[in-house]
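Participant: Build me a structure from this.
(2 chains)
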Amino acid sequence: MTKLSFHHSDGSIDVVETDSETSIMRAAVTNGVRGIVGECGGQAMCATCHVYVRPEYLGGLPGIGDDEDEMLDCTADPRDDVRSRLGCQIKLGTGFDELEVDVPGSQV
Amino acid sequence: MTIGGGLNEPRDVLGVAVWALLNHPQQLAQVVADPALFPLTFEEAVRWVAPIGMYPRETTKSTVLDGIQLPRGAHLGVVIGAANRDPKVFADPESFNINREKKPHLAFGGGNHFCAGTWVARASVAGVALPDLFRELPGLRLDPERPAVDAGWVFRGMTDLPVTWDSNSASQLSI
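Facilitator: Numbers count the residues shown, from 1 in each chain, chains lettered A, B, ... in the order given. So this is what the prediction gives:
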C-alpha cells in the first residue's frame, strides 16, 4: 500500500492510498486529484503532471531520465532544480511507501 | 508523418493564428506590445481551430464510452474540433480569446499517440514565426477586397488568407 499526499496551493490535501503499481500521475488522474493533467498519458512528452516532491521524500526516488529532464524544462510553473519531477515517471511500489508532493499552480 | 506533420499543421496553426489576430485588433495590440503572449496565442489558436479536427481510431475491445456501447473493432471518428469547443469545458467556446482561462485542450491528441511534434510546433510557430511575422510586416492586415477562407474538418486551416501590409516595410523583409 502506498500513500500519496497531494498538497494544493490553497492548503487542501488530496490523499490517495493504492496497492496499484501505477505512476503518481495515473494514481492522481484515476482518483480525480486536481491540478494533475497527464495530457500525454504517461509518455514523458507533455509536462502536465509536474509535481514538487517534498524534500524529505527525495531520497527514495529513481533518478531523472533524459526525457524527463528535457520535459522538466517545459513546465508551466518554474522548474525547481531539486524538487521538480514528472509524476508519470515515478512508479509506485518501488522504494517508498509514502510520498508527499506539492501540486503546481498551473500545468498548461 | 514527421515531414507531413512538421509542415502542414504548423502552417495551419500559423495561418489561423494570424487570421484570428487580424480579426481581433485588441488582442493583436496586446501580443505586439508583449511578445511573451505569442505562446498563449498559439494555444488558443489550436484550441479554437484544431489543425487536425478529426482522426480515426478503432476499439481494441468492447467498451462503454459515455453511456454508448461500443463493440470491439468499432471504427470511430474522434472529433477533436468539437471537444475543443465543448461548452462544458470552455466558456464562450466559439470565441477566439487569448485571455481565456487556461485549460488543457485536445489539439495535440492524448495518450500514447500524443503529438510528437508538439514542442517543435510551439517553438517554431509561437517562438519564431508569429513574432517574426508581426515584427517584419508592420501594418499587417486582412485584404478588405478578398475574404479569407478557412476549410477542412480533418485537416483544417486557411485555404486563402489575402493580406496587405505597409509597403515601405517590404524592402526590409528579411525572413
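Participant: Can you get me the start-to-end distance on stretch A:59-67?
Facilitator: From its first residue to its last, stretch A:59-67 covers 20 Å (CA to CA, to the nearest Å).
Participant: Is it in proximity to chain B?
Facilitator: No - figure legend: stretch A:59-67 not in contact with chain B (CB under 8 Å from any CB of the partner chain); closest approach 11.7 Å. From N, CA and C alone the C-beta is placed, and that goes for glycine too.
Participant: From the centroid of the chain, which residue is nearest?
Facilitator: Let's take chain A. Nearest to the geometric centre of chain A sits residue A:87, at 2.8 Å (CA atoms, centre = their mean).
Participant: that's the wrong chain, I meant chain B
Facilitator: Nearest residue to the geometric centre of chain B (CA atoms, centre = their mean): residue B:46, 2.7 Å.
Participant: Quick check: what element follows whichever strand or helix holds it along the chain?
Facilitator: Residue B:46 is part of helix B:38-48 when elements are defined by DSSP states H and E. Downstream of helix B:38-48, the next assigned helix or strand under DSSP H and E is strand B:54-58.
Participant: taking the mean pLDDT, what do you get for that next one?
Facilitator: On average, the pLDDT along strand B:54-58 is 92.
Participant: Are it and chain A in contact anywhere?
Facilitator: No - residues of strand B:54-58 are not located near chain A by CB under 8 Å from any CB, the shortest gap being 13.6 Å.
Participant: Distance from the helix or strand following that strand to the middle of the chain?
Facilitator: Using DSSP H and E, the helix or strand that follows strand B:54-58 in sequence is strand B:63-65. Strand B:63-65 has its C-alpha centroid displaced from the chain centroid by 30 Å (CA atoms, centre = their mean, to the nearest Å).
Participant: Quick check: neighbours of strand B:63-65 in the sheet, parallel or antiparallel?
Facilitator: strand B:68-70 (antiparallel) (DSSP bridges).
Participant: which outside residues touch the partner strand?
Facilitator: B:59, B:62, B:63, B:64, B:76 (CB atoms under 8 Å, 6 or more residues apart in numbering or on different chains).
Participant: cool, and stretch B:109-119?
Facilitator: With CB under 8 Å, 6+ apart as the criterion, stretch B:109-119 contacts A:39-41, A:43, A:45-46, A:74, B:2, B:5-6, B:9-10, B:52, B:55, B:80, B:108, B:121.
Participant: What is the linear distance spanned by it between its boundary residues?
Facilitator: End residues of stretch B:109-119 are separated by 13 Å (CA to CA).
Participant: again, but for stretch B:115-128
Facilitator: Start to finish, the residues bounding stretch B:115-128 are 20 Å apart (CA to CA).
Participant: which of the residues in that stretch are buried?
Facilitator: Residues B:115, B:116, B:118, B:119, B:121, B:122, B:124, B:125, B:126 are the ones in stretch B:115-128 that count as buried (16 or more other CB atoms under 10 Å in any protein chain shown).
Participant: Residue B:49 contacts residue B:81, correct?
Facilitator: Yes - counting by CB atoms under 8 Å, residue B:49 touches residue B:81, with 7.4 Å between them.
Participant: shared neighbours of those two, anything?
Facilitator: residue B:156.
Participant: between these two, which one's more packed in?
Facilitator: Under the criterion of other CB atoms under 10 Å in any protein chain shown, the comparison of residue B:49 against residue B:81 puts residue B:49 first, with 25 against 21.
Participant: Kindly state the pLDDT recorded for the more buried one?
Facilitator: Residue B:49 carries a pLDDT score of 97 in this model.
Participant: give me phi/psi at it?
Facilitator: Reported as degrees, to the nearest 10, the phi and psi values for residue B:49 are phi -130, psi 100.
Participant: Chain B versus residue A:6, what's the distance?
Facilitator: From residue A:6 over to chain B the distance is 17 Å, taken as CB to the nearest CB, to the nearest Å.
Participant: Tell me which helix or strand the closest residue to the residue nearest to the centre of chain B other than its chain neighbours sits in.
Facilitator: Spatially, and ignoring its direct neighbours in sequence, residue B:46 is nearest to residue B:107 (3.7 Å; CB to CB, 6 or more residues apart in numbering or on different chains). Residue B:107 belongs to no helix or strand when assigned by DSSP H and E.
Participant: residue contacts, residue B:107?
Facilitator: Here residue B:107 is in contact with B:46, B:47, B:50, B:51, B:52, B:80, B:84 (CB under 8 Å, 6+ apart).
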